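Peer 1: What would the 3D arrangement of this be:
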Amino acid sequence: MKQTPLQKRGIAADRIVLGCMGLGGTWDNSPETNEQVLEAERAIDAALESGIRMFDHADIYKMGKAEIVFGQALKNRPYIREQLVIQSKCGIRFAEGEMPGRYDFSKEHILSSVDGILSRLGMEYLDILLLHRPDPLMEPEEVAEAFAKLKESGKVRHFGVSNMNASQIKLLQHYLPDPLVVNQLQMNLHHIGWLEEGVLVNQQAGTSFSFPESLLAHCQLENIQIQAWAPLAGGLYSGRELSGQPESVLQTKKLVHRMAAEKETSAEAIVLGWLMRHPAMIQPVIGTTKPERIRSSVDAIRIAEQMTREEWYSLYVASRGRKMP
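Peer 2: Coordinates of the predicted model:
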């Protein structure tokens, strides 16, 4: 079986990641509850039973509560830590008093963020740390100093980015001795700019898509794992109410459900399998905390392996809402 970029680097990462943004209750400073910890336990158990061992966090998720309840859920099972791949992100700061929401890649903020992440998770190290969104004031030398200190101390083993273009990655990588291993991006069957950017080369229609030129190719060339956030497009094709949606969305949903019935699987598995069928070995980060949806998503691995070129293009063209150029 073809290896993912992370697997090629010796990181025991699965084809699917469980995103933990949904854990921890509400986006405020209210205290975590026992029920939220139980929800985390159920989600972790469902993931492990389904063969998912990689979990994605960020220091801002539910104002830090997502990491807290996850850590508490694992507190009585510390022996499984070595079986897991834990990833978190930093660099986004919420508004405080008169200060606006902002990004911060300063050495001081990165180091303090990791200390906070590890404290909330109750862990000694992260497998991967991602910089969450590009900071216009990034000093790459300063980021490199922070990364070096984190690696030397054993607090972080690998580093990556999120929502960065190829030039930003190249700039940062120039100052780093170790390779960036992940770039996490919004990619799904509805948000298809990542495909249109390549298909619409030398065409006027190609100027209407914001996905960075050559980013996909750069990540593939440099063995950077592409992770997809919102890979199910918010349930657009697998359960969300579609009133007011364009005809292309309605037709794509019908096709997804028809394929799911034919292949005796879930709509989620079809949508994820389509994404995973791409040669870049894209790793979807699923955001559900419901055990049944976690389990239904994992069949996407089988679907990706079996999906034909014709089936893949049928879904792509349906989503485009027009024939290929």
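Peer 1: thought residue 128 was touching residue 181?
Peer 2: Yes - the pair residue 128 / residue 181 is scored as a contact, 6.6 Å apart, by CB atoms under 8 Å. Heads up, the C-betas are built off the backbone N, CA and C, glycines and all.
Peer 1: who does the helix or strand bottoming out on mean pLDDT in the chain touch, helix- and strand-wise?
Peer 2: The least trusted helix or strand in the chain, going by mean pLDDT, DSSP states H and E, turns out to be helix 193-199, with a mean of 92. The contact analysis (3 or more CB pairs under 8 Å, 6 or more residues apart in numbering; DSSP states H and E) places helix 193-199 against helix 215-221.
Peer 1: Give me the buried stretch members for the helix it packs on, please.
Peer 2: Within helix 215-221, the residues scored as buried using 16 or more other CB atoms under 10 Å are 215, 216, 218, 219.
Peer 1: ok, the nearest residue to the first one once chain neighbours are set aside - how many residues close by?
Peer 2: What it means is residue 215. Nearest non-adjacent residue to residue 215, counting by CB to CB, 6 or more residues apart in numbering: residue 166, 4.9 Å away. Neighbours of residue 166 under the rule other CB atoms under 10 Å: 19.
Peer 1: before we move on, what about residue 136?
Peer 2: 7.
Peer 1: And it, how far from residue 286?
Peer 2: For residue 136, the distance to residue 286 equals 31 Å [CB to CB, to the nearest Å].
Peer 1: measure stretch 6-25 end to end?
Peer 2: 31 Å (CA to CA, to the nearest Å).
Peer 1: cool, and stretch 185-199?
Peer 2: Terminal residues of stretch 185-199 are spaced 19 Å apart (CA to CA).
Peer 1: who's in contact with it?
Peer 2: With contact meaning CB atoms under 8 Å, 6 or more residues apart in numbering, stretch 185-199 is reached by 162-163, 205-206, 209-213, 215-217, 226-233, 236-237, 249, 252, 256, 271, 274-275, 282, 315-316, 319-320, 324-325.
Peer 1: can you pull the contacts of residue 272?
Peer 2: Neighbouring residues of residue 272 by CB under 8 Å, 6+ apart: 16, 231, 232, 284, 286, 297, 300, 303, 304.
Peer 1: all strands for the stretch 101-250 of the chain, in order.
Peer 2: 102-103, 126-131, 156-162, 180-186, 225-229 (DSSP state E, counting those that start in this stretch).
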